[in-house]
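*Asks:* With the sequence up front, the predicted model follows.
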Amino acid sequence: MHGLSSSLRFLSSNSPRFLSTQTSLRSAGPMACLLKTRSVIRFRGPETIKFLQGLLTNDVRSLDHPESVPENAVTPNMPAVAAPPVYAAMLTPQGRFLYDFFLYRPPRSEEKLDRTGSGPGPDSGELEIYADVDGSVIDEVLAALKKYRLRSKVDIENVREDFSCWQRFGRGLEGKSSFQEEPEADSVGWGGTVDQSGVSASRGNNVGWNWNKDPRLTCLGYRGIFPSNATPPLVEEDKETDEGNFHLWRLEKGVAEGSTEIPKGEAIPLEYNLVGLNAISFDKGCYVGQELIARTHHRGVIRKRLIPVRFLSSNGKEVEQQVSPGSELIDNASKKKAGTVTTALGSRGLALIRVEEAFKETGALTVNGQEDIKVETIRPKWWPSEWFLHQQQQTAAA
């Protein structure tokens, strides 16, 4: 990812091409990338749902109650019912962030049409849940999960060699409904009318692996777990790109991911906007670290939030690769610390900033020790309006 600019590189052995450096990443069409920084864990056993429900921030019971798929989206080897993926976090007992999870429930054989398309396959008899997790801490994640497992009837296994995580994103995918507006993302299997690039993926494990809408935000596109021995469906060679470009796409949307961007053991989930990213349920009941989350939420005051930023020179041009994570942001008026840069890539980054200081005029914030670099904050379009109402009320009270 080092040296990545806002220009987009397409990786193609046949026709390598670069977009102009003046072309924004957001103007590029649909792309796909292998998420090399993520790994896969498999949960299997009769108490899998109960185990995860008592440990993670979101309500995972939906994974055990799949929804019906529109009839026109069902093809051989694809499910007639499906459970949308769930995004969730594991916390310390004190309510600080540890790890994030994208949880998937692959369809069972009895929920799919068979190879002939005439009926369901045999009952596999066992629930499996796959988790997309931060690969840099996978051993820690496994150790933490096994510590809490005790006598629960659930097997926890590292399957990073067998499965890989992928993302589809870019202009043209934002806001699309997976079934109605892009049915080909879900119609992958055996049959003459389906995308043939999906046949190898669906046969990879005799399961109809498919793309799912990213459970956080529609603007992030689609995400999925696929067998490592095959290319996922809809991944065209000239549209496969580097994971760094998705990293930049996320930063522009103000979304952190993993235990580095969301500091492990330190981050307060509500400050990192995990409620807005659909990672927290306030109705599910008890889980590890719930008390702080519930108390902070019901108090309704979040004084700091993770906000996307741009780094600019004194003449307003973007400054690349000159700001490091951990840099302090200073309010020029008060000369006091307003926040901290948590992630930086090129001229973009994420910063944890006091909300009352965040959205003043451009140039109100600078980097401590690099006062010639101005910091422009960007209000994400997906932020709920009440977050700004709270900010106005806090400012008025002050």
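*Replies:* Perfect, thanks for sending it. These figures come from a predicted structure and were not determined experimentally.
*Asks:* Got phi/psi on H297?
*Replies:* phi -60, psi -50 (degrees, to the nearest 10).
*Asks:* distance of E266 from Q94?
*Replies:* Between E266 and Q94 the distance is 10 Å, computed by CB to CB, to the nearest Å. (Glycine included, C-beta is placed from N, CA and C.)
*Asks:* And P325, by the same measure?
*Replies:* According to CB to CB, P325 stands 23 Å off from Q94.
*Asks:* who has more neighbours, the two?
*Replies:* A side-by-side neighbour count of P325 and Q94, using other CB atoms under 10 Å, places P325 first with 16 against 11.
*Asks:* Quick check, the more buried one in contact with V341.
*Replies:* Yes - applying CB atoms under 8 Å, one finds P325 in contact with V341, separated by 5.6 Å.
*Asks:* so what sits against both of those two?
*Replies:* Counting by CB atoms under 8 Å, 6 or more residues apart in numbering, the contacts common to P325 and V341 are G349.
*Asks:* Where does the prediction get shaky in this structure?
*Replies:* Along the chain, the model assigns pLDDT under 70 to residues 1-27, 67-81, 108-125, 174-208, 238, 362-363, 389-398.
*Asks:* What ranges does it have for its helices?
*Replies:* 48-53, 138-149, 197-203, 243-253, 258-261, 290-299, 355-358, 385-397 (DSSP state H).
*Asks:* Now do the buried residues in the fifth one.
*Replies:* Pointing back at helix 258-261 there. Under the neighbour-count criterion of 16 or more other CB atoms under 10 Å, helix 258-261 has 258-259, 261 buried.
*Asks:* Reformat those residues as a markdown table; add distance to C286.
*Replies:* A markdown table is the format used below for the buried residues of helix 258-261 (distance: CB to CB, whole Å):
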| residue | distance to C286 |
| --- | --- |
| G258 | 26 |
| S259 | 23 |
| E261 | 27 |
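*Asks:* R223 pairs with what?
*Replies:* According to DSSP bridges, the residues that bridge with R223 are Q167, N212.
*Asks:* thinking it is in contact with Q167, fair?
*Replies:* Yes - the pair R223 and Q167 qualifies as a contact (CB under 8 Å) at a distance of 5.3 Å.
*Asks:* rewinding a little: got a markdown table for the helices of the chain, with distance to A28 too?
*Replies:* Shown next, in a markdown table, are the helices of the chain (distance: least, CB to CB, whole Å):
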| stretch | distance to A28 |
| --- | --- |
| helix 48-53 | 36 |
| helix 138-149 | 31 |
| helix 197-203 | 20 |
| helix 243-253 | 8 |
| helix 258-261 | 23 |
| helix 290-299 | 37 |
| helix 355-358 | 28 |
| helix 385-397 | 29 |
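*Asks:* So which of those is nearest G29?
*Replies:* With respect to G29, and counting by CB to CB, the nearest of the helices of the chain is helix 243-253 at 12.4 Å.
*Asks:* Quick check: closest non-adjacent residue to T37.
*Replies:* In space, and not counting its chain neighbours, T37 is closest to G135: 5.4 Å by CB to CB, 6 or more residues apart in numbering.
*Asks:* C286 now?
*Replies:* G54 (6.9 Å).
*Asks:* which residues touch the one you found?
*Replies:* With contact set as CB under 8 Å, 6+ apart, G54 has these partners: 286-288.
*Asks:* go on, G170?
*Replies:* If a contact means CB under 8 Å, 6+ apart, then G170 has 28-31, 221, 249 as its contacts.
*Asks:* Then R354?
*Replies:* Contacts for R354 (CB under 8 Å, 6+ apart) come out as 303-304, 338-339.
*Asks:* quick one: which of those residues is nearest S314?
*Replies:* Using CB to CB as the measure, the one of these that approaches S314 most closely is A338, at 18.8 Å.
*Asks:* The closest one contacts D331, correct?
*Replies:* Yes - using CB under 8 Å, A338 is in contact with D331, at 4.4 Å.
*Asks:* Distance check, the residue nearest to C286 against L142.
*Replies:* Relative to L142, and taking CB to CB, G54 is found at 18 Å.
*Asks:* before we move on, what about L35?
*Replies:* As for L35, its distance to L142 is 18 Å (criterion: CB to CB).
*Asks:* Who has more neighbours out of the two?
*Replies:* A direct count of neighbours by other CB under 10 Å for L35 and L142 places L35 higher, at 20 against 16.
*Asks:* so the more buried one makes contact with D242?
*Replies:* No - under the criterion of CB under 8 Å, L35 makes no contact with D242, lying 10.8 Å away.
*Asks:* I am finished for the moment; much appreciated.
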